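Student: got a sequence here, can you model it:
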Amino acid sequence: MKAVLCHAFGPWTDLRIEDVPAPDAAEDEVAIHVAACGVNYYDGLAAEGRYQTKPPFPFAPGGEVAGTVTGVGAAVSRFRPGQKVIAFTGFGGYAEMVAVHESRVFPMPDGMSFDDAASFLIASATSHHALKDRAGLRDGETLLVLGAAGGVGLTAVEIGREMGARVIAAASSPGKLELARAFGAESGIDYSKEDLRERVKALTGGRGVDVVYDPVGGRQGEAAFKSLAVNGRHLVIGFASGDIPGVAFNQLLLRQVSVTGVLWGNFARTDPDRAAINVAELLEWHAEGRLRSHVSESHPLEHFDRALDSVMNRRATGKVVIRMPAIATAASAGETAQ
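Tutor: As a prediction, this is how the structure comes out:
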């Protein structure tokens, strides 16, 4: 099979497609013919050695896939060959085949395309876990989402709306804010032109926001932290700006606020039962039309570099996916689960 491999940490542009043996399913694993793979910011970070998890070499980037089961291990009972599934791989998704532990595989709903399925899991599950489990977001609270038109940001806007929050979207252009509004944001802040703290004050009557969802970090992350109301919660999702802001502990005490880290992949590995319950809830919301995917770009495997470049340089809105050669025609025709 073909896979995109990283042999040593360096610029992600050094990644290359290679021919490698296809994996077999171990006793507790599911073998999947990949139809599409979601592209995430951490894919590039991992290749450059800048991600907190460093897999052994060689490895393929790619944390989430959608495809068809080709085989199951002897201990696997929930899946069968021919079934369409979504899977959290962590790494390895930029490949035509993967083998994944059964606990990280989920049935693909009827009516969901491979592109939508491959782009759904990590972003939606991260935002759901962040807002539900880590922040305890309550009906009527105010949620500020940074990077609101990005892969995870857009899901935070949508899920925050579903949980009853008043959502303020912050992004770097009017077009991105327009997209965030279409997904449920009540108001927006263009932080390429506006001072974020001042706009938050104006939008909240000086009170501040209850929850900050922050996949950006850097200067905007610091400004958002300073915009928290009393008992506010700042969710650290990632650092797309490339800068990790510092927090003075005395500010946590004096302002009665908290900073909480969110790493859904670790949650899914350490508490798979709760993670599965959350994913089931998200898929139910999607089936009910309460959530919708926004795939802005799809690229064939041979142009994986274009897909990753769009994400790493923050040009993409919503999600970007890579399609595998064997199913590119079917996927482009809108093939859905049977």
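Student: now do the SS call for the spatially most central residue of the chain.
Tutor: Residue closest to the mean C-alpha point of the chain, counted by CA atoms, centre = their mean, is residue 123 at 2.4 Å. In three-state terms, and counting by DSSP: H, G, I helix; E, B strand; the rest coil, residue 123 is helix.
Student: for residue 308, see how far away it is.
Tutor: Here the criterion is CB to CB, to the nearest Å. By it, residue 123 lies 16 Å from residue 308. To be clear about C-beta, it is placed using only N, CA and C from the backbone, and glycine gets the same treatment.
Student: what helix or strand is residue 128 located in?
Tutor: helix 114-128 (DSSP states H and E).
Student: ignore what I typed, I meant residue 176.
Tutor: Using DSSP H and E, residue 176 sits within helix 174-182.
Student: re the thing from before, who's in contact with the residue nearest to the centre of the chain?
Tutor: Applying CB atoms under 8 Å, 6 or more residues apart in numbering to residue 123 gives the contacts 38, 40, 151-152, 154-155, 319.
Student: can you show me the strands along the stretch 51-200 of the chain?
Tutor: 64-72, 84-88, 97-101, 105-107, 142-146, 166-171, 187-190 (DSSP state E, counting those that start in this stretch).
Student: most packed of those?
Tutor: strand 142-146 (a mean of 30; mean count of other CB atoms under 10 Å).
Student: for that strand, which strands pair with it and how are they oriented?
Tutor: The pairing partners recorded for strand 142-146 under DSSP bridges are strand 166-171 (parallel), strand 209-214 (parallel).
Student: dump that strand to CSV, restricted to CA.
Tutor: What follows is strand 142-146, C-alpha atoms only, in CSV (Å, rounded to 0.1, in the frame of the first residue of the first chain):
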residue,chain,number,x,y,z
THR,A,142,-21.1,33.3,27.1
LEU,A,143,-18.5,31.4,25.1
LEU,A,144,-15.7,33.1,23.2
VAL,A,145,-14.2,31.0,20.5
LEU,A,146,-10.8,31.9,19.0
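Student: who touches that strand?
Tutor: Looking at what lies outside strand 142-146 - CB under 8 Å, 6+ apart - the contacts are 131, 137, 153, 156-157, 160, 165-171, 180, 185, 200, 204, 207, 209-216, 220-221, 224, 227, 229.
Student: if we go to 7 Å?
Tutor: 137, 153, 156-157, 160, 165-170, 200, 204, 209-216, 220-221, 224, 227 (CB atoms under 7 Å, 6 or more residues apart in numbering).
Student: which parts of stretch 55-66 are buried?
Tutor: Within stretch 55-66, the residues that count as buried by 16 or more other CB atoms under 10 Å are 59-66.
Student: low-confidence ranges in the stretch 51-200 of the chain?
Tutor: Scanning the stretch 51-200 of the chain for pLDDT under 70 picks out no residues.
Student: try the stretch 201-338 of the chain
Tutor: Checking the stretch 201-338 of the chain against pLDDT under 70 turns up 326-338.
Student: ranges for the strands of it?
Tutor: 209-214, 228-236, 258-261, 295-300, 319-323.
Student: got CSV for those, with distance to residue 280 and mean neighbour count too?
Tutor: Output for these, formatted as CSV (distance: least, CB to CB, whole Å; neighbours: other CB atoms under 10 Å):
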stretch, distance to residue 280, mean neighbour count
strand 209-214, 22, 29
strand 228-236, 22, 20
strand 258-261, 24, 14
strand 295-300, 22, 18
strand 319-323, 21, 27
